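1. Everything below, folded, please.
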Amino acid sequence: MTISRTDSTPEHTDEGDQAPPVPEPIPLTEPRDGVPPVVNTDAGLRRAARALAAGHGPVAVDAERASGFRYGQRAFLVQLRREGAGTWLIDPVPFEDLLPLNEALSGVEWILHAATQDLPCLKELGMTPDALFDTELAGRIAGLPRVGLGHIVEALLGLRLAKEHSAADWSTRPLPGPWLRYAALDVEVLDDLRLALISLLEESGKLEFALEEFEAIRTAPDPAPRVDPWRRTSGLHQLRDRRQLAAVRALWTERESLAENRDVAPGRLIPDASLIAAAKAMPATVPQLLKTPGFHGRAAGKEAPRWLRCLQEARNDDDLPPMHISSSAPPPARTWVDKDEDAARRLNTAKPRIARRAEELDMPIENLLTPDTLRRLAWRPPADIGPESIAEALSALGARPWQVRQTAPIITVAFLDPEPLPARRSSSRS
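-> Residues are numbered from 1 along each chain as shown. Here you go, the predicted model:
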């Protein structure tokens, strides 16, 4: 089956000059070669590697995880499709790694949708691309209003993908047939989608922008370990006491250890809201704990001593965590007028001008320049503001060369001649 791009350009007719209706997307329900068997043996993995190495052109890649069900973000199915090789569904669970596939695809461009979601779990399996094309990011830079895979496929290829299994528990074995069909279809269209997006980007002069972004994603270093990861507990802002923070820290750490040991998503043991509720109430007995929202049922009763120990540790803890950790980030922009009026003027002048440039380029402002980058630069600009110093500062903050070329002149002018701040309303009552 050859997929062609649907041309929905309106054409005038003799009857009232009304455009014809846009054709309904064609449902894509079956892979062109059928649903392949799942590879879960060494012999099958070697066959897949040989076939993919003998194929031609880029390779479409996708991975399915079990977020919300299992601990961590590892892959439970890897899908690949390459012209001349067909589609391959790989169960990574029986294998220590997928290095044979990585070697077979040496020098081959990978096509992924939302690559930053899948690259970490693929890297855990020994798979890293030598070149990358991200269809979601390409859609953003091209200026498409909606960039989910289904939306882009519908807009550019005139096809409709079903997405009903995207949040399934992919650690299920054996994987149901409808799930495998869905997984195979996810890589079915990526090559055609890449060609359509390249055409759009070339027409608008933004292909080089996209290629720089893809390379930045591909070569990005692994993120540094997060300081105090327990501070990401949802609802932590509700707490106003350091001992309550110590309680969340103890409960979160214990939940994390138990979740890893049982290979289950932490939130399935005890949700974040319940950790916060326990930290507020600080129950000291099993009956008190079981009255706390989220701590109910047989499992909660069985594990009650574990959670009560955490709360007791927090009561006795002499090393209480600070309410806030130091950060190199600027303060909230709403406070800048009082803290540094010049910085506020720089930001208020540059921000709308960057937004106008993003609108001219037909892309989201965050893809032209991240808000954090602009805030950091406005808060602490170079001592001598000029095109070169602003360009150097943007590069140091992680902006890509194309972003520097587009925004450095705008920021330089804005910082050298910032506009006055709007008059502040008086808070006094007459």
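2. So residue 183 sits against residue 61, correct?
-> No: when contacts are counted by C-beta atoms under 8 Å, residue 183 is not listed as touching residue 61 (11.8 Å). From N, CA and C alone the C-beta is placed, and that goes for glycine too.
3. Could I get the contacting residues of residue 376?
-> Shown in contact with residue 376 (C-beta atoms under 8 Å, 6 or more residues apart in numbering): 329, 330, 397.
4. so the first one touches residue 371, yeah?
-> No: taking C-beta under 8 Å as the definition, residue 329 is not a contact partner of residue 371, at 11.3 Å.
5. which of these two has more neighbours?
-> Comparing residue 329 with residue 371 by other C-beta atoms under 10 Å, the one with more neighbours is residue 371, at 13 against 10.
6. ok, so what distance separates that one from residue 388?
-> Per C-beta to C-beta, to the nearest Å, residue 371 is found 24 Å from residue 388.
7. Once you drop chain neighbours, what's closest to residue 236?
-> Nearest residue to residue 236, sequence neighbours excluded (C-beta to C-beta, 6 or more residues apart in numbering): residue 248, at 6.5 Å.
8. Next, the one you found: secondary structure please.
-> What DSSP: H, G, I helix; E, B strand; the rest coil gives for residue 248 is helix.
9. Count the neighbours of residue 267 for me.
-> For residue 267, the neighbour count with other C-beta under 10 Å is 15.
10. Could you report the distance from the spatially closest residue to it that is not a sequence neighbour to residue 84?
-> Nearest residue to residue 267, sequence neighbours excluded (C-beta to C-beta, 6+ apart): residue 68, at 7.1 Å. Separation of residue 68 from residue 84 (C-beta to C-beta): 37 Å.
11. Using PDB, write out every CA atom in the helix or strand that contains residue 152.
-> Using DSSP states H and E, residue 152 maps to helix 149-157. The C-alpha trace of helix 149-157 is given here as PDB (Å, rounded to 0.1, in the frame of the first residue of the first chain):
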ATOM      1  CA  LEU A 149       0.600  11.500  15.900                       C
ATOM      2  CA  GLY A 150      -3.000  10.900  15.000                       C
ATOM      3  CA  HIS A 151      -3.600  14.600  14.300                       C
ATOM      4  CA  ILE A 152      -0.600  15.000  12.000                       C
ATOM      5  CA  VAL A 153      -1.300  11.800  10.100                       C
ATOM      6  CA  GLU A 154      -4.800  12.900   9.500                       C
ATOM      7  CA  ALA A 155      -3.800  16.400   8.400                       C
ATOM      8  CA  LEU A 156      -1.000  15.400   6.100                       C
ATOM      9  CA  LEU A 157      -1.800  11.900   5.000                       C
END
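12. Now for residue 399: which residues touch it?
-> By C-beta under 8 Å, 6+ apart, residue 399 lies in contact with 369, 373, 407.
13. now do 6 Å
-> Contacts for residue 399 (C-beta atoms under 6 Å, 6 or more residues apart in numbering) come out as residue 373.
14. Residue 197 too?
-> Per C-beta under 6 Å, 6+ apart, neighbours of residue 197: residue 138.
15. residues near the spatially closest residue to residue 168 that is not a sequence neighbour, how many?
-> The shortest distance from residue 168 to any non-neighbouring residue, by C-beta to C-beta, 6+ apart, is to residue 179 (6.0 Å). Neighbour count of residue 179, defined by other C-beta under 10 Å: 19.
16. In this structure residue 179 contacts residue 167, no?
-> No: at 11.4 Å, residue 179 and residue 167 do not qualify as touching, with contact defined as C-beta atoms under 6 Å.
17. returning to what we had before: for the helix or strand hosting the residue nearest to residue 168, buried residues please.
-> Here residue 179, judged by DSSP H and E, is contained in helix 177-188. Within helix 177-188, the residues that count as buried by 16 or more other C-beta atoms under 10 Å are 179, 180, 181, 182, 183, 184, 185, 186, 187, 188.
18. for stretch 241-248, same thing?
-> Under the neighbour-count criterion of 16+ other C-beta under 10 Å, stretch 241-248 has 244, 245, 246, 247, 248 buried.
19. Ok, stretch 209-227 next?
-> Neighbour counts over stretch 209-227 (16+ other C-beta under 10 Å) mark 209, 210, 211, 213, 214, 216, 218 as buried.
20. likewise stretch 188-198?
-> Residues of stretch 188-198 classed as buried by neighbour count (16+ other C-beta under 10 Å): 188, 189, 190, 191, 192, 193, 194, 196, 197, 198.
21. export those residues to a markdown table and tack on distance to residue 54 and pLDDT?
-> Formatted as a markdown table, these follow (distance: C-beta to C-beta, whole Å; pLDDT from 0 to 100):
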| residue | distance to residue 54 | pLDDT |
| --- | --- | --- |
| 188 | 20 | 95 |
| 189 | 22 | 95 |
| 190 | 19 | 98 |
| 191 | 17 | 98 |
| 192 | 21 | 97 |
| 193 | 23 | 98 |
| 194 | 21 | 98 |
| 196 | 26 | 98 |
| 197 | 27 | 98 |
| 198 | 25 | 98 |
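22. Mind jotting down where the strands sit in the protein?
-> Using DSSP state E, the strands assigned to the chain run over residues 26-28, 38-39, 56-65, 75-83, 86-90, 109-112, 131-134, 159-161.
23. Quick check on residue 97: phi, psi?
-> With angles defined as degrees, to the nearest 10, residue 97 sits at phi -160, psi 180.
24. hang on, it packs against residue 126?
-> Yes: in terms of C-beta under 6 Å, residue 97 counts as a neighbour of residue 126; the distance is 3.8 Å.
25. Quick check: pLDDT value at residue 139.
-> Among the per-residue scores, residue 139 holds a pLDDT of 98.
26. Lovely, talk soon.
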